[in-house]
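Trainee: Fold the following for me, if possible:
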Amino acid sequence: MKKMNVLMKSLLVCTALFMMGCNTDDGITCPDPITGELTAEETDFTGSWVLTGMEANDELDITDDNKDNPSKDIFAQYSECQRDLVYEFLNSRSYAFKQGTISTDCENKQSVTGTWSLNAKVLTFVSSCSTQNITIAFNEEEDKFTYFAVVNIREVNGLVKSTKITFTFDKIQA
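Mentor: Okay, here's the model as predicted:
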């Protein structure tokens, strides 16, 4: 069974939850796309950001390598295609979240698009009739950001464990 990337799974679950939250007696009311001029903070943030790390609070073994070798480094346990995640934030306020587009021979290429904003370290996405907010933290140089999410991960032994994962993205220098 192929493993779906934890981040894509989290994004899909959040999208489904937000879509259910959009229901009213009159039908579905979707949030408006984010519009307007970018702030200085947002202008500095535009560009491409690539996933470079996934660190769990708990040691997990998700590799089917016939070894008992749990690790907190989830990123190292994923295949090249599963680690291939990129955010592209454009000056037009549109964004794309892409999986499997940089590595060669990735079969499960996916893309989510929408609009975005960044205000006081809260990154907001509007996509697929939903809104998602994540609090991010920058390193001192502001060329790396992290955020965390509590996710359920199936280990190689079949057990599902809920753990906090810190995701790290590095800015791709043009």
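
Trainee: how near is Thr35 to Val126?
Mentor: Thr35 sits 10 Å away from Val126, taking CB to CB, to the nearest Å as the criterion. The way it works is simple: take the backbone N, C-alpha and C, and place the C-beta from them, glycine included.

Trainee: now the strands for the chain?
Mentor: 23-24, 27-28, 47-60, 71-73, 85-89, 94-99, 110-119, 122-127, 130-135, 137-138, 144-154, 160-171 (DSSP state E).

Trainee: Save the ones you listed as a markdown table, and put in distance to Glu41 and mean neighbour count too.
Mentor: Shown next, in a markdown table, are these (distance: least, CB to CB, whole Å; neighbours: other CB atoms under 10 Å):
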| stretch | distance to Glu41 | mean neighbour count |
| --- | --- | --- |
| strand 23-24 | 34 | 9 |
| strand 27-28 | 32 | 8 |
| strand 47-60 | 13 | 18 |
| strand 71-73 | 31 | 15 |
| strand 85-89 | 12 | 21 |
| strand 94-99 | 15 | 19 |
| strand 110-119 | 6 | 17 |
| strand 122-127 | 11 | 19 |
| strand 130-135 | 14 | 16 |
| strand 137-138 | 10 | 12 |
| strand 144-154 | 12 | 16 |
| strand 160-171 | 14 | 16 |
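
Trainee: Using JSON lines, please lay out those strands together with distance to Ser79 and mean pLDDT.
Mentor: As requested, those are arranged in JSON lines below (distance: least, CB to CB, whole Å; pLDDT from 0 to 100):
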{"stretch": "strand 23-24", "distance to Ser79": "37", "mean pLDDT": "47"}
{"stretch": "strand 27-28", "distance to Ser79": "36", "mean pLDDT": "81"}
{"stretch": "strand 47-60", "distance to Ser79": "13", "mean pLDDT": "97"}
{"stretch": "strand 71-73", "distance to Ser79": "14", "mean pLDDT": "95"}
{"stretch": "strand 85-89", "distance to Ser79": "12", "mean pLDDT": "97"}
{"stretch": "strand 94-99", "distance to Ser79": "12", "mean pLDDT": "96"}
{"stretch": "strand 110-119", "distance to Ser79": "15", "mean pLDDT": "96"}
{"stretch": "strand 122-127", "distance to Ser79": "26", "mean pLDDT": "98"}
{"stretch": "strand 130-135", "distance to Ser79": "25", "mean pLDDT": "97"}
{"stretch": "strand 137-138", "distance to Ser79": "27", "mean pLDDT": "98"}
{"stretch": "strand 144-154", "distance to Ser79": "15", "mean pLDDT": "96"}
{"stretch": "strand 160-171", "distance to Ser79": "17", "mean pLDDT": "97"}
